[in-house]
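Enquirer: from the sequence below, what's the structure:
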Amino acid sequence: MIFRQLFDDVSSTFTYLLADEVKKEAILIDPVFSRAKRDIALINELGLTLTLVADTHAHADHITAAWLLKQKTGCNIASARAIGAQHVDVALDDGQQFGVAGIALEAISTPGHTDGCMSYLLADQTMVFTGDTLLIRGCGRSDFQQGSAHKLFESISERLFALPDTCLVYPAHDYHGRTQSSIGEEKAFNARVGGGANETDFVEYMKAMKLPHPKKIDEALPANLRSGCTEDGKLPEEPDWADIRITYAGVPEIGEEWLEHHLDEVTVLDVRLEEEVKDYPATEALVDIHIPLDQLRSRIGELPADKPVVALCRSGRRSAMAVNILKENGFEKVASLSHGLLAITRD
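Expert: Residues are numbered from 1 along each chain as shown. This next block holds a predicted model:
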């Protein structure tokens, strides 16, 4: 199985990518709206097809990317029927089996943080994605949005702690740099519900917590009840000057075919060394200006500002750094030629 744990440092949210190595269909759990480009780039680079996105609950601290990913990839959306969110294709009930080719999951109803909380258990019970119900050495709060400490204790102690001790726990959040735990660990060491705590212990602990109101709840919750659909139903604006593709490394790139048909609309910047240019003089017709990468910062003023800039080099690696330097210096319409001159000379 292909498995990736992704992180949004703004909301401390984990997004999980699962895919079968043979079938190549992928599922994303708890995707974040602002990280959709990153997720799509990773899926493309791994040669996968995004077939399903699933939210563990209606989040109060960030907006889900479910609807946006559906628009971009045609994937389906899954979430608990109890949420009643719009644009959902697979409304999940307790015990329901779902997933993608080669990846089977079971939906386990685990309310208490919210009524619509679901945990997703891998079919072989080696992994469980617990959302905000069970965190590493903690749990979700129960003081708003249909929260109930009594329900939360039952969900954790009777549903999740009934799983094998070896089952790995992957939560929706962690605020201290921890990435995974296990059912056995949490039963023994969870600060709120582990170590033999009973319902009274847990409920009194949760009642004593005085947490601030979630900062983004007024924005996030209504949006998440629309599965992340924007208020006007329109997609976020994208760069319109070129067919830009963002890599998983965060580099804006264009393909050599697009460049070939739009040479007169951009400034092509070659950041190779002088000796490299002399070795391949045939590329001179493609290039508008040559500035070696190590000189770019000091010679930035030589670049015209009236056109977008496409940086190139031999492989596309140095031109990616050139894009960063250009952005640092106020150039907004910039891109790297994907795979550099290798993409052109191999044709």
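
Enquirer: what are the buried residues along the longest helix that the chain contains?
Expert: Longest helix of the chain, by residue count under DSSP state H: helix 317-328. By 16 or more other C-beta atoms under 10 Å, the buried positions in helix 317-328 come out as 318, 319, 320, 321, 322, 323, 325, 326. Quick note: C-beta positions are derived from backbone N, CA and C, even for glycine.

Enquirer: ok, of those, which one's closest to residue 67?
Expert: residue 323 (29.6 Å; C-beta to C-beta).

Enquirer: please give me every residue in contact with the closest one.
Expert: By C-beta atoms under 8 Å, 6 or more residues apart in numbering, residue 323 lies in contact with 251, 252, 311, 334, 335, 336.

Enquirer: same deal with residue 203?
Expert: Counting by C-beta under 8 Å, 6+ apart, residue 203 touches 149, 150, 153.

Enquirer: how much space between it and residue 130?
Expert: 20 Å (C-beta to C-beta, to the nearest Å).

Enquirer: again, but for residue 94
Expert: 15 Å.

Enquirer: tell me which of the two has more neighbours.
Expert: Set residue 94 next to residue 130 and count neighbours by other C-beta atoms under 10 Å: residue 130 wins out with 29 against 15.

Enquirer: does that one really touch residue 169, like I thought?
Expert: Yes. With contact defined as C-beta atoms under 8 Å, residue 130 reaches residue 169; the gap is 5.8 Å.

Enquirer: need the overlap of contacts for those two.
Expert: Common neighbours of residue 130 and residue 169 (C-beta under 8 Å, 6+ apart) are residue 160.

Enquirer: on that earlier part again, keeping just the C-alphas, turn the longest helix of the chain into CSV.
Expert: Output of helix 317-328 as CSV, limited to C-alpha atoms (Å, rounded to 0.1, in the frame of the first residue of the first chain):
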residue,chain,number,x,y,z
ARG,A,317,16.5,22.0,-10.9
ARG,A,318,18.4,25.2,-11.0
SER,A,319,15.5,27.0,-12.8
ALA,A,320,13.3,26.1,-9.8
MET,A,321,15.7,28.0,-7.6
ALA,A,322,15.6,30.8,-10.1
VAL,A,323,11.9,31.0,-9.7
ASN,A,324,12.3,31.4,-6.0
ILE,A,325,14.8,34.2,-6.5
LEU,A,326,12.5,36.0,-9.0
LYS,A,327,9.6,35.8,-6.6
GLU,A,328,11.7,37.2,-3.8
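
Enquirer: what about it, average pLDDT?
Expert: For helix 317-328, the mean per-residue pLDDT is 98.

Enquirer: got it, and stretch 254-268?
Expert: Here the average pLDDT along stretch 254-268 is 95.

Enquirer: same check on stretch 68-84?
Expert: The pLDDT scores in stretch 68-84 average 98.

Enquirer: out of the contacts of residue 323, who's nearest residue 103?
Expert: Looking across the contacts of residue 323 and measuring by C-beta to C-beta, the closest to residue 103 is residue 251, at 29.3 Å.

Enquirer: tell me where the model's unsure across this protein.
Expert: 281-282, 345-347 (pLDDT under 70).

Enquirer: what does stretch 254-274 rub up against?
Expert: Contacts to stretch 254-274, defined as C-beta under 8 Å, 6+ apart, come from residues 241-245, 277, 283, 286-293, 296, 303-304, 307-314, 318-319, 322, 335-339, 343-344, 347.

Enquirer: just the ones of the residues you listed in helices?
Expert: 277, 318, 319, 322, 343, 344.

Enquirer: would CSV of the residues you listed with distance to residue 209 be doable?
Expert: Converted to CSV, those look like this (distance: C-beta to C-beta, whole Å):
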residue, distance to residue 209
277, 64
318, 51
319, 51
322, 50
343, 55
344, 60
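
Enquirer: from those residues, which is closest to residue 49?
Expert: Out of the ones in helices among the contacts of stretch 254-274, the member with the shortest distance to residue 49 (by C-beta to C-beta) is residue 343, at 23.8 Å.

Enquirer: re earlier: take the contacts of stretch 254-274 and, keeping just the buried ones, write it as a PyMOL select command.
Expert: To isolate the buried ones among the contacts of stretch 254-274 in PyMOL, judged by 16+ other C-beta under 10 Å, type:
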select buried, resi 242+244+245+283+286+290+291+292+293+296+303+308+309+310+311+312+313+314+318+319+322+335+336+337+338+339+343+344
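
Enquirer: re the thing from before, for the contacts of residue 323, which one is nearest residue 123?
Expert: For the contacts of residue 323, the nearest to residue 123 is residue 251 (36.8 Å; C-beta to C-beta).

Enquirer: wait, what's in contact with the closest one?
Expert: Applying C-beta under 8 Å, 6+ apart, the residues contacting residue 251 are 320, 323, 336.

Enquirer: please report the distance of residue 111 from residue 319.
Expert: On the measure of C-beta to C-beta, residue 111 and residue 319 end up 51 Å apart.

Enquirer: what does residue 152 give?
Expert: 51 Å.

Enquirer: residue 213 - nearest residue in space that isn't next to it in sequence?
Expert: Nearest residue to residue 213, sequence neighbours excluded (C-beta to C-beta, 6 or more residues apart in numbering): residue 144, at 7.4 Å.
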